[in-house]
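> below is the structure, and that's it, no one-letter string:
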């Protein structure tokens, strides 16, 4: 096994199994500043979030990533814009398997989430998906295809159920105290 892979696995383990359980936001943030490709300013990353290969995960400014989320950057990248809200237990995947492959080969792609997008509770974003600016992914939705900007999607698979106001001006400014 390559030394780089082993080191990356140890870094993931250190955060996911130990640091993510500590109710000290400053300590977790310091580690994530070094571990992730990018951690924007004024982000709130809550306890028990798991990151797989942080070197492929880029988080914009003022993001809120709630407790128990999983961001999978094992082979492909995850990039979020600014002021993105990711609800509790949401999962963002970049890698899976090709079910038609005789040897269950890997299949995946980059995930991009635009500015002011809102990913709700227990939503799942599958590999290769782009979530447009200001889009909303409803609780429990399974997103298999790109979501247009300012669109609201829900269901499994996620389908458009509405449009979001395009005049979004907010900047997230949330800080959990012990989470």
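Yep, it's here. All values reported here derive from a predicted model rather than from experimental measurement. Numbers count the residues shown, from 1 in each chain.

> CA atoms for contacts and neighbours, from now on please.
OK.

> residue 85 bridge partners, please.
Taking DSSP bridges as the rule, residue 85 bridges to residue 64, residue 118.

> now it: how far from residue 11?
25 Å (CA to CA, to the nearest Å).

> for those two, indicate the residue with more neighbours.
residue 85 (22 against 17; other CA atoms under 10 Å).

> contacts only, for that one.
63-65, 116-120 (CA atoms under 8 Å, 6 or more residues apart in numbering).

> that one and residue 138: what is the separation?
Taking CA to CA, one finds residue 85 at 12 Å from residue 138.

> give me the common contacts of the two.
Common contacts of residue 85 and residue 138 (CA under 8 Å, 6+ apart): 119-120.

> count of neighbours near residue 10?
12.

> helix/strand/coil for it?
helix (DSSP: H, G, I helix; E, B strand; the rest coil).

> switch to numbering from 59
Understood, numbering begins at 59; the last thing we discussed is residue 68.

> for it, give me the pLDDT.
With respect to pLDDT, residue 68 has a value of 93.

> what does residue 235 give?
At residue 235, pLDDT is 68.

> and the residue sitting furthest away from the middle of the chain, what helix or strand is that in?
Farthest-out residue of the chain from its mean C-alpha position, per CA atoms, centre = their mean: residue 160, at 30.2 Å. Counting by DSSP states H and E, no helix or strand carries residue 160.

> sweet, I'm off.
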